[in-house]
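Engineer: here is the input, now give the coordinates:
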Amino acid sequence: MSFVSVFHIQKRFLNYRITYKGPFDYKRDHTKAYRYPFGINKGAIEDTINEINQIRQLDLKDTDVSPFHLVWRYKTMTHIPWHEKYVLSHLGLHQKECHIRVVVPNTPHFNGLLWRVKHLIQLMPIAFPDGIPTEEDVGCVKLNTYTGALSVNPSHKVSADRIDLAKSDDIYYGKYLREYLKWSSGLFGKGLPGCPVQQINGSHIEDHKRKAMNANKHQHHFYNN
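Structural biologist: Got it, this is the predicted structure:
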């Protein structure tokens, strides 16, 4: 394709005049123009708005409102403003993978944060079919991340003996090794296995001087004093 033909094509598009083609209900059934404004169903939009208005007019009680939300992010974090990333990190939704569920309290503070990133997340209220769990039910609860139902069942509780058997050996590599060396050595360290830590309390200088004097006793008469 020559430059002249490309120039003519560009000129044709530049000279195209956009004309008003009517309201949203204007639609051509005999064409493939399903995009805006042809593909909008005005009746469906009105039905959705009426349904939302009916929900807003309902008299909700405190018992009907869930104290927690189950929230997950369904869009990526690429090409979004930094302040939205900050809100997502505050909510625990900053992971690289999407669809990771987190539990968020239903309070004005967290609801305001959810409103700021509402175009990136989805949520559902957590239901309590067995009632809100108490301190005695710790370890007996199980949350279904797909239905949002939190059930309380004593069979879910794990005994202390099984927890002790499930403990694995300490990990000594990477960042775990650095943390282990950090807390196991130094001034207040307890010492590594087989390598006791030298207690630095000020007397180590005198000990070093005494060892040096004994080691060099045969070299100079100064060390004999």
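
Engineer: how near is residue 113 to residue 84?
Structural biologist: Per Cβ to Cβ, to the nearest Å, residue 113 is found 10 Å from residue 84. C-beta: built from backbone N, CA, C; applies to glycine.

Engineer: those two: which is more packed in?
Structural biologist: residue 113 (17 against 14; other Cβ atoms under 10 Å).

Engineer: how many other residues sit next to the residue lying closest to the more buried one once chain neighbours are set aside?
Structural biologist: Residue nearest to residue 113 in three dimensions, not counting chain neighbours: residue 87, with 5.2 Å by Cβ to Cβ, 6 or more residues apart in numbering. For residue 87, the neighbour count with other Cβ under 10 Å is 19.

Engineer: hmm, residue 87 is touching residue 117, no?
Structural biologist: Yes - look at residue 87 against residue 117 with Cβ atoms under 8 Å: they come within range, at 5.2 Å.

Engineer: one step back: so after the host helix or strand of the residue nearest to residue 113, what's the next helix or strand?
Structural biologist: Under the criterion of DSSP states H and E, residue 87 resides in helix 82-91. Next along the chain after helix 82-91, taking DSSP H and E as the criterion, comes strand 102-105.

Engineer: who does that next one touch, helix- and strand-wise?
Structural biologist: Packing contacts for strand 102-105, counted by 3 or more Cβ pairs under 8 Å, 6 or more residues apart in numbering; DSSP states H and E, involve strand 68-73.

Engineer: direction included, what does the strand it packs on pair up with?
Structural biologist: strand 102-105 (antiparallel), strand 121-125 (antiparallel) (DSSP bridges).

Engineer: quick one: contacts of the next helix or strand along the chain from the longest one?
Structural biologist: Under the assignment DSSP H and E, the closest C-terminal helix or strand after strand 121-125 is strand 141-143. Residues outside strand 141-143 that contact it (Cβ atoms under 8 Å, 6 or more residues apart in numbering) are 70, 103, 126, 133, 149-153, 156.

Engineer: also stretch 64-83?
Structural biologist: If you take Cβ under 8 Å, 6+ apart as the criterion, stretch 64-83 is touched by 85, 88, 91, 93-94, 96, 98-106, 110, 114, 116, 119-128, 132, 143, 145, 148.

Engineer: quick check on those: which are buried?
Structural biologist: Among the contacts of stretch 64-83, those classed as buried by neighbour count (16 or more other Cβ atoms under 10 Å) are 88, 91, 93, 101-102, 104, 110, 114, 120-121, 123, 126, 128, 148.

Engineer: okay, now the domains of the protein?
Structural biologist: Domain assignment for the chain, taken from automatic domain parsing, gives 20-58, 62-125, 168-225.

Engineer: low-confidence stretches in this protein?
Structural biologist: Filtered on pLDDT under 70, the chain yields the residue ranges 1-42, 62-63, 166-206, 208-209, 211-225.

Engineer: picking that back up, quick check: the residue nearest to residue 113 vs residue 112, distance?
Structural biologist: As judged by Cβ to Cβ, residue 87 and residue 112 stand 9 Å apart.
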